[in-house]
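how would this look folded up:
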Amino acid sequence: MFIGENLTNLRIMHGYSRKQLSDMLHITEQAVWQYENNYTSPKLQIVNQLKSIFHVKSKYFYHQDVLKRYFSTGNIPVMNIAYRSKLRNVISKTEAEAKHMEYLDSFINYITAHLSIPTQKIIQLRDEVIHYLNSTLDERTQQISNVAKLARKRLGLRNDTNDDVMFFIEKSGAFIFEKSIGEEIDAYSLWTEKQRPFIVLGNRKHSAVRRNFDLAHELGHLLLHYKVEFTHLDGKEHKNMEDEANLFAGAFLLPKEDFLEDLNTISFITNPDAYLDLKKKWKVSLQVLGYRAAHLGIMDAKKHRNFYASLHRKGYLKREPLDDLLPIQKPQKIKSIIDLIAKKGIIDIHKMLEKDWMVEIDFLYRLTGIDKGFFTNYLVMDQDFELVHVNNITSVVQKKNG
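This is a model prediction of the structure:
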């Protein structure tokens, strides 16, 4: 029997309305509604189209959905998703991202089911931050600076580089993913109800310095704005939260004492090109270096305006020097977990695709942002199966005997 809820979940995760999906299938919107609500079952031709659209096996639509098998209902608090976007109040976009998070959370539950994971450092840090914020009399700017300094210390970052920011955030317990989240969104973050922290990064062609700032910004949200209902904020309140996360990111990426010492080497503080060595060292943008210098009082308002005007004249607001040379950090934690469980035989990747998740590799690529080749490598090792590529979709089929 066709299970309509499975189709609904896939459609929402991909961000399709019923009208959009019906146009792709060349059927009526009413027909899609009937499929999803189990009033009628689609014919085999429609099922095959759905299979191709969502990169799942046909049997996916006739078995209990992976969300019910590996996910706790209500674990993703939609109202707490923090992202910078003009679309933040567009319900359909928020629902799509929340559904994607449900699938990601289910996938992590699946691959870590037989692993023992200790209490995560980032949870301990968050609780320490909450205690400090609730007990201090420091003004808010000082609070944020102190939290940034504490975070850098607790996560184990060195005070003279940001080469491994993503590694240490992942090591602390956060799960970081890349995905296509549109032109309007750089990144977003979330704590699940079961205390699992997520950071989702856009996979557009950004620079290494932009990625570091996105990571630090979202870490700021996770630590400073725990349980804040972002969907209920008005424009002014939302901007204030963003400003706080930006302030945290600057203080986190550019530790005050070390950065002030570096600024002593700058002869012309309003000339962006004078900061290129510092950009190479700290892996942050010239724009962030300027803002941090202004925040620390090295540049007054007039000098900072001159600095920003120079960035504009040189075209650095669009693309900065060194952006093409500095390597971009990519998430590695999930790949490491999959590599561990596959090599130890805890999980068979072929079984995962065929029986447990009933999906194609393309589905996992869209879900996790991990290159398809990473998954196919494990399948190639199995001599009983071979890869077949049809219409850019990678499938695994059993080899014929003889």
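
From here on, just use CA atoms for contacts and neighbour counts.
Noted.

Quick check: mean pLDDT of the helix or strand harbouring L125?
Assigned by DSSP states H and E, L125 belongs to helix 121-135. Average pLDDT, helix 121-135: 97.

buried ones in that helix?
K121, I122, I123, L125, R126, V129, I130, L133 (16 or more other CA atoms under 10 Å).

TSV for the residues you listed, including distance to K43?
Rendered in TSV, the data for the buried residues of helix 121-135 read as follows (distance: CA to CA, whole Å):
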residue	distance to K43
K121	51
I122	49
I123	48
L125	53
R126	51
V129	55
I130	54
L133	58
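
and which of the residues you listed is nearest T141?
Minimum distance to T141 across the buried residues of helix 121-135 is 11.6 Å, recorded for L133 (CA to CA).

check contacts around the closest one.
By CA atoms under 8 Å, 6 or more residues apart in numbering, the contact set of L133 is Q143.

And for E178?
Taking CA under 8 Å, 6+ apart, one finds V200, L201, G202, N203, P331, T368, G369, I370 in contact with E178.

Mind doing that once more with 6 Å?
By CA atoms under 6 Å, 6 or more residues apart in numbering, the residues touching E178 are V200, L201, G202, N203, G369.

Surely the fourth one and K179 touch.
Yes: N203 is in contact with K179 according to CA atoms under 6 Å; the separation is 5.3 Å.

L223 and D127: what is the separation?
9 Å (CA to CA, to the nearest Å).

So what does H55 have for phi and psi?
Per-residue torsions, H55: phi 60, psi 50 (degrees, to the nearest 10).

need the strands for this structure, in chain order.
When assigned using DSSP state E, the strands of the chain occupy the ranges 82-83, 175-179, 187-191, 197-202, 385-390, 393-398.

Check what pLDDT V396 gets.
With respect to pLDDT, V396 has a value of 38.

just the one 3 residues further on next, same as before
Looking at K399, its pLDDT is 46.

Now N37: closest residue in space, sequence neighbours ignored.
Nearest residue to N37, sequence neighbours excluded (CA to CA, 6 or more residues apart in numbering): G4, at 5.6 Å.

how close does the one you found sit to K372?
28 Å.

Who has more neighbours out of these two?
Neighbours were counted for G4 and for K372 using other CA atoms under 10 Å; G4 has more, 21 against 17.

Was I right to think that one contacts E36?
Yes: counting by CA under 6 Å, E36 is a contact partner of G4 at 3.7 Å.

Determine the longest helix present in the chain.
When the chain is scanned for its longest helix (criterion: DSSP state H), the result is helix 91-111.

quick one: low-confidence parts of the stretch 101-250 of the chain?
Along the stretch 101-250 of the chain, segments meeting pLDDT under 70 span 183-184, 205.

can you map out the helices along it?
Secondary structure of the stretch 101-250 of the chain by DSSP state H, counting those that start in this stretch: the helices cover 121-135, 140-155, 165-171, 208-224, 235-253.

could I get the ones you listed as a markdown table with distance to M352?
Shown next, in a markdown table, are these (distance: least, CA to CA, whole Å):
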| stretch | distance to M352 |
| --- | --- |
| helix 121-135 | 30 |
| helix 140-155 | 33 |
| helix 165-171 | 24 |
| helix 208-224 | 31 |
| helix 235-253 | 38 |
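
for these, which one sits closest to Y188?
When these are compared by CA to CA, helix 208-224 sits nearest Y188, at 6.5 Å.

and the gap between N75 and K227?
With distances taken as CA to CA, N75 is found 13 Å from K227.

shared neighbours of these two, which are they?
With CA under 6 Å, 6+ apart, N75 and K227 have no common neighbours.

so how far is K372 from D339?
Applying CA to CA, the value for D339 to K372 is 14 Å.

And for N264?
Plainly put, N264 is 47 Å away from K372 if you go by CA to CA.

go on, L326?
For L326, the distance to K372 (CA to CA) stands at 25 Å.
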